[in-house]
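Peer 1: Could you work out the structure for the sequence below:
(one chain, ligands or ions: 2)
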Amino acid sequence: MGYAEVYGAWQNDPEGFWMDQAKSIDWVTPPTKALDDSKAPLYRWFADAEVNTCYNAVDRHVENGRGEQLAIIYDSPVTHTKHTITYAELQTRVASLAGALRAKGIEKGDRVIIYMPMIPEALEAMLACARLGAIHSVVFGGFAANELAVRIDDATPKAIIAGSCGIEPGRVVHYKPLLDGAIELAKHKPDFCVIFQREQEVAALIEGRDYDWHGFQAGVELAECVPVKGDHPAYILYTSGTTGAPKGVVRPTAGHLVALNWTMKAIYDVDPGDVFWAASDVGWVVGHSYICYAPLIHGNTTVVFEGKPVGTPDAGTFWRVIEEYNVKSFFTAPTAFRAIKREDPKGEMIKNYDISGLRALYLAGERADPDTIEWAQRIMGVPVYDHWWQTETGYTIAGNPAGIEALPVKIGSPTVAMPGYDVQILDEAGHQMKPGELGAIAVKLPLPPGTLPTLWNAEDRFVKSYLTTFPGYYETGDAGMIDEDGYLYIMARTDDVINVAGHRLSTGAMEEVLAGHPDVGECAVIGVTDELKGQLPMGFVCLNKGCETTPEQIAKDCIKRVRDTIGPVAAFKLVAVVDRLPKTRSGKILRATMVKIADGQDFKMPATIDDPAILDEIKEALKPLGYAQC
Ligand code: COA
Ligand code: AMP
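Peer 2: Ligands and ions are numbered 1, 2, ... in the order given. Got it, this is the predicted structure:
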């Protein structure tokens, strides 16, 4: 069957399609039906089943003869370390950690926050939670203490598992002080913390609250897998929305298992035993789905890479890893390739490696620009597949189903909707638009298994954010079009979310931080185009009357404030101090126009602008920052 037949089979009988896919999962109690629509527009999948994610990702492979196969390859150029873990070893390690967590009171439904760098123990912590039916929430290491505190207060974890430090090129990220600071800031306090001490920094433990990862496991009984209901939350992953309060995306257990397992062959075209590598971070959805869960559920070997595409030690690192471990399918963000291309434009370094075992490159997380795709195609000599998805969905909405049928690549398009997704382009009134017309991208409900059923502790926000603008649809927050061949094009966000080096960030959250500066009267943050990172945040601040601090100092303060409150990952380094902001007569800040000015693009004078002269002031203020050049 080709793509059209598979997509058609799903359209004709979605229930049958997903029940069929469910056969690849080992259930404690198999589902009697796939979809429960009794509470539409809130949907549940495989709700009456009982299952355990860790059993499917680890134990079943040991029982089925894959015990000696590598489950995890850890490659860390930043610490000059490499080691491997077989499925049998992983089973013991995870069961031991789960046993220790259980001995300290962690049970089904309890939340556990994981704050760890790219080390195998991060995956083990996730799997240990899954083993017990505990709900993990991984927090990316590049966030500051305040962001961690916000997540602690929302998820109210019983425990936090953290690494003592992370390693960024040229600096050690001191996780433990960040963790202590976050616990201090948060209203909710965890019962205990487990600290994985790294050689690069041994953290001081707080007596009675903190336990050492190894000591804590000494003498405990190995924990068995605890069955959970199909719609039990597997994890919560916070992502940026319009405001400073992140959205806690809930991932349901059974749908997650079924859908991710399906994607490994259908999209990534790997068979059990093949090596699969996603160069991302466990703190992002790509890391959850494609460093940890999907490859393990499917019986692949996953690579945990602690390094960067360049500088660790050079722009040949990716090629080395692909050669050394015979990676078959490779997934990363376009920004990583832009970084390599900048260092090694002619692709000289790839010639030192044999990457003939690689079948294809997959890109996602941000718009893949044609230059980067063409460059990657040329130097790697393999198909380059862009695919589009979101934290909310957990896997591909539109992609090239290479394991079913490799469709022709149209550069600029992530290809076509995957089975499960009825993707439509809607106008403001919710009417379907014609091929080639630009509109809001929406997905007809129900979303397929594994996608978010709700937001943690925030069902109203879930309904308001995603299900209200277009009744009967999920609003993706992206705008784009579908061409005559059914190929989708993602053009822009319809909200205040920006994408910096494949990281999703909220300009609203940054504005909240700037507004807290005592000298700042008014502010706006926009996303401007950046050659390497796709977008960069840029702040505009207007100072209170009588402010005596210099604009230079204000800019420095603002940069520090965002770094300290949100974290280095915000990459907030551009600030313009201006007298006033361009607004409509009703007082709405003209952010889209400011973006065009900063990017040096032509723009139409907004008909509702209050005072057009302000635009010239903005332009002048941007020139010293190297922007607004025509
Ligand atoms: N812990 C602590 N700090 C982190 C971090 C982590 N896990 N990850 C990033 N940071 C810091 C960086 O050190 C940097 O700090 P600095 O301002 O002191 O230099 C800051 O956050 C911004 O990081 P980033 O945007 O990643 O920029 P970079 O210059 O360090 O690297 C790339 C640029 C392109 C090499 C890098 O972003 C990359 O490899 N991205 C592609 C892959 C990817 O992870 N995509 C995510 C979704 S798939
Ligand atoms: P995240 O939730 O962090 O994965 O970010 C999801 C958002 O990133 C999407 O809503 C898009 O705006 C953007 N995005 C992800 N993948 C792509 C892609 N292939 N092309 C264009 N934009 C993408």
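Peer 1: so Tyr325 makes contact with Ile72?
Peer 2: No - between Tyr325 and Ile72 there is no contact, the gap being 11.0 Å when judged by CB atoms under 8 Å. Every residue, glycine included, has its C-beta placed from N, CA and C.
Peer 1: Between those two, point out the one with more neighbours.
Peer 2: The neighbour count for Tyr325 versus Ile72, taken as other CB atoms under 10 Å, is higher for Ile72 (24 against 20).
Peer 1: what number of residues lie near the nearest residue to the more buried one once chain neighbours are set aside?
Peer 2: The spatially closest residue to Ile72, leaving aside those adjacent along the chain, is Ile85, at 4.3 Å (CB to CB, 6 or more residues apart in numbering). Residue neighbour count, defined by other CB under 10 Å, stands at 22 for Ile85.
Peer 1: Gly8 versus the residue of the stretch 501-630 of the chain found nearest ligand 2, what's the distance?
Peer 2: Closest approach between the stretch 501-630 of the chain and ligand 2, counting by CB to the nearest ligand atom: Arg504, at 3.3 Å. Arg504 sits 33 Å away from Gly8 when distances are taken as CB to CB, to the nearest Å.
Peer 1: same check, this time on Gly283
Peer 2: 38 Å.
Peer 1: which one of those two has more residues nearby?
Peer 2: Set side by side, Gly283 and Gly8 give different neighbour counts by other CB under 10 Å, the larger being at Gly283 (24 against 13).
Peer 1: residue contacts, that one?
Peer 2: Each residue near Gly283 by CB atoms under 8 Å, 6 or more residues apart in numbering is listed here: Val138, Val139, Phe140, Gly141, Gly142, Phe143.
Peer 1: Repeat that for Lys82.
Peer 2: Taking CB under 8 Å, 6+ apart as the criterion, Lys82 is in contact with Ile73, Tyr74, Asp75, Ser76.
Peer 1: Output the set of residues of this protein in proximity to ligand 2.
Peer 2: Contact residues of the chain with respect to ligand 2, defined by CB under 6 Å from any ligand atom, are listed as 239, 285, 364-368, 386-388, 390-391, 414, 477-478, 490, 493, 499, 504.
Peer 1: Which ones among the residues you listed lie within helices?
Peer 2: Among those, the subset assigned to helices under DSSP state H consists of Val285.
Peer 1: filter the residues of the chain next to ligand 2 down to the ones near ligand 1?
Peer 2: Among the residues of the chain next to ligand 2, ligand 1 is touched by Gly365 when using CB under 6 Å from any ligand atom.
Peer 1: CA atoms only for stretch 43-56 - export them in PDB, please.
Peer 2: Taking only C-alpha atoms (Å, rounded to 0.1, in the frame of the first residue of the first chain), the coordinates of stretch 43-56 have been written out as PDB:
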ATOM      1  CA  TYR A  43     -11.400  12.800  23.300                       C
ATOM      2  CA  ARG A  44      -9.700   9.800  24.800                       C
ATOM      3  CA  TRP A  45      -8.000   6.900  23.100                       C
ATOM      4  CA  PHE A  46      -7.700   3.300  24.300                       C
ATOM      5  CA  ALA A  47      -9.100   4.500  27.600                       C
ATOM      6  CA  ASP A  48     -10.300   1.100  28.800                       C
ATOM      7  CA  ALA A  49      -7.000  -0.600  28.200                       C
ATOM      8  CA  GLU A  50      -4.300  -1.200  30.800                       C
ATOM      9  CA  VAL A  51      -0.700  -1.000  29.900                       C
ATOM     10  CA  ASN A  52       2.800   0.100  31.000                       C
ATOM     11  CA  THR A  53       5.100   2.300  28.900                       C
ATOM     12  CA  CYS A  54       8.300   1.100  30.500                       C
ATOM     13  CA  TYR A  55       7.400  -2.600  29.900                       C
ATOM     14  CA  ASN A  56       6.900  -1.800  26.200                       C
END
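Peer 1: Pull out the buried residues from it.
Peer 2: Counting neighbours by 16 or more other CB atoms under 10 Å, one finds that the buried residues in stretch 43-56 are 43-47, 49-56.
Peer 1: distance between the ends of stretch 584-595?
Peer 2: Between the start and the finish of stretch 584-595 there is a gap of 16 Å, counting by CA to CA, to the nearest Å.
Peer 1: which residues in the stretch 251-400 of the chain form helices?
Peer 2: 253-266, 285-287, 294-297, 317-325, 334-343, 370-380 (DSSP state H, counting those that start in this stretch).
Peer 1: for those, which one sits closest to Gly486?
Peer 2: Closest to Gly486 of these, according to CB to CB: helix 253-266, at 17.1 Å.
Peer 1: which parts of that closest one are buried?
Peer 2: Neighbour counts using 16+ other CB under 10 Å place 253-266 of helix 253-266 among the buried residues.
Peer 1: What of stretch 300-320?
Peer 2: By neighbour count, and taking 16+ other CB under 10 Å as the criterion, the buried residues in stretch 300-320 are 300-310, 312, 315-320.
Peer 1: ok, that stretch near ligand 1 or not?
Peer 2: Yes - residues of stretch 300-320 are located near ligand 1 by CB under 6 Å from any ligand atom, namely Lys308, Pro309, Val310.
Peer 1: Please list the residues of this protein that sit near ligand 1.
Peer 2: Within the chain, the positions lying close to ligand 1 (CB under 6 Å from any ligand atom) are 141-142, 166, 168, 173, 279-281, 284, 286, 308-310, 332-333, 335-336, 339, 365, 500-503, 533, 568-569, 571.
Peer 1: And the strands in the stretch 1-150 of the chain, which stretches?
Peer 2: Assignment of strands within the stretch 1-150 of the chain using DSSP state E, counting those that start in this stretch yields the ranges 35-36, 44-45, 50-51, 70-76, 81-86, 111-115, 135-138.
Peer 1: which SSE is the nearest residue to Lys247 once chain neighbours are set aside in?
Peer 2: For Lys247, the nearest residue in space outside its immediate sequence neighbours is Gly241; the separation is 4.6 Å by CB to CB, 6+ apart. Gly241 is part of no helix or strand, with elements assigned from DSSP states H and E.
Peer 1: do the same with the one 3 residues further on
Peer 2: Using DSSP H and E, Gly244 maps to neither a helix nor a strand.
Peer 1: Then Lys556?
Peer 2: Assigned by DSSP H and E, Lys556 falls within helix 551-565.
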